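A.B. asks: Sequence and computational prediction follow.
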Amino acid sequence: MIKRFDTRIVLGILLLVGGALALLQTMGYLNNASDLFWGGIFIAAGLLCLSLLFSGNWWGVFPAFVLLAMGVTIFLPDTLENLGGLIFFGGIALAFWLAYFLAPQERWWALIPAGVLTTLAGMTVVSERFGEFQAFGFFMLGLSLTFLLVALLAKMRWAFWPALGLGILAVLGIASLLEVANYIWAAALIVAGAFLLVGYFRK
């Protein structure tokens, strides 16, 4: 009679494979065997956590994608080490995106950490190519789009206001890449001052 599947079987096999790889590395047949072992451990553990979805445990996506991201990061070659932050933050962001799409009405809140983490993942690449102020603009753009999604998908009207404010900061930050940045700053100050004065005199 076939016995019930047990996770100890998977862990036992992984330990045997890890020991064999470590032995081969010691004998000089393999390089970076320990990285292969731990990368495989994290990915296998991530897949096991992801399998919790089939039993209705949606929260399993969080440890699953964290472990998967860590495993993929370990497997990255030296030439792609700069993508480690992108993969790690992107993996966690995927967990929140999946949590939202599995129950959009109930877990609308997952849009906010999903958008923030996606923005952080992109920032690991953007910050290396642009200055600090431009990177700040891209960060504000990501946050603005996040709240815009909350307003549109979750139908939360209050989210339009932070989306608008963050969008303005994003435009000012990204526009600093252009020669007209000083003019935009001056125009923004004039518009803000006029808005305050008009509001005062209307009262």
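C.D. replies: Cool, got the structure.
A.B. asks: Was I right to think G137 contacts I168?
C.D. replies: No: G137 lies out of contact with I168 (C-beta atoms under 8 Å); the separation is 10.5 Å. (C-beta placed from N, C-alpha, C; glycine too.)
A.B. asks: how about stretch 99-106 as PDB, C-alpha atoms only?
C.D. replies: Provided in PDB are the C-alpha atoms of stretch 99-106 (Å, rounded to 0.1, in the frame of the first residue of the first chain):
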ATOM      1  CA  ALA A  99      -3.000  37.700  -2.700                       C
ATOM      2  CA  TYR A 100      -5.000  40.500  -4.200                       C
ATOM      3  CA  PHE A 101      -6.100  38.800  -7.400                       C
ATOM      4  CA  LEU A 102      -7.200  35.700  -5.500                       C
ATOM      5  CA  ALA A 103      -9.800  37.800  -3.600                       C
ATOM      6  CA  PRO A 104      -9.900  41.400  -5.000                       C
ATOM      7  CA  GLN A 105     -12.800  42.600  -3.000                       C
ATOM      8  CA  GLU A 106     -11.700  41.200   0.300                       C
END
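A.B. asks: Quick one: mean pLDDT over stretch 148-164.
C.D. replies: Stretch 148-164 shows a mean pLDDT of 92.
A.B. asks: distance between it and the chain's centre?
C.D. replies: Taking C-alpha atoms, centre = their mean, to the nearest Å, one finds stretch 148-164 lying 20 Å from the centre of the chain it belongs to.
A.B. asks: in it, what's buried?
C.D. replies: L148, L149, V150, A151, A154, A159, P162, A163 (16 or more other C-beta atoms under 10 Å).
A.B. asks: and which of the residues you listed is nearest A99?
C.D. replies: Checking the buried residues of stretch 148-164 against A99 by C-beta to C-beta gives A154 as the nearest, at 13.4 Å.
A.B. asks: which residues are in contact with stretch 98-116?
C.D. replies: Contacting residues not belonging to stretch 98-116 are listed as 58-59, 61-62, 65, 93, 96-97, 142-143, 145-147, 149-150, 153-154, 156 [C-beta atoms under 8 Å, 6 or more residues apart in numbering].
A.B. asks: can you tell me the average pLDDT over it?
C.D. replies: Averaged across stretch 98-116, the pLDDT comes to 93.
A.B. asks: Pull out the buried residues from it.
C.D. replies: So stretch 98-116, judged by 16+ other C-beta under 10 Å, has buried residues L98, A99, Y100, W108, A110, L111, I112, P113, A114, G115, V116.
A.B. asks: ditto for stretch 38-49
C.D. replies: For stretch 38-49, using 16+ other C-beta under 10 Å, the buried residues are G39, G40, I41, F42, I43, A44, A45, G46, L48, C49.
A.B. asks: Among G137 and I168, which residue is more densely surrounded?
C.D. replies: Taking neighbours as other C-beta atoms under 10 Å, G137 and I168 compare with G137 leading, 22 against 14.
A.B. asks: which stretches of the protein form helices?
C.D. replies: Here the chain has its helices, by DSSP state H, at 7-26, 33-50, 61-75, 84-102, 111-126, 132-153, 160-175, 181-202.
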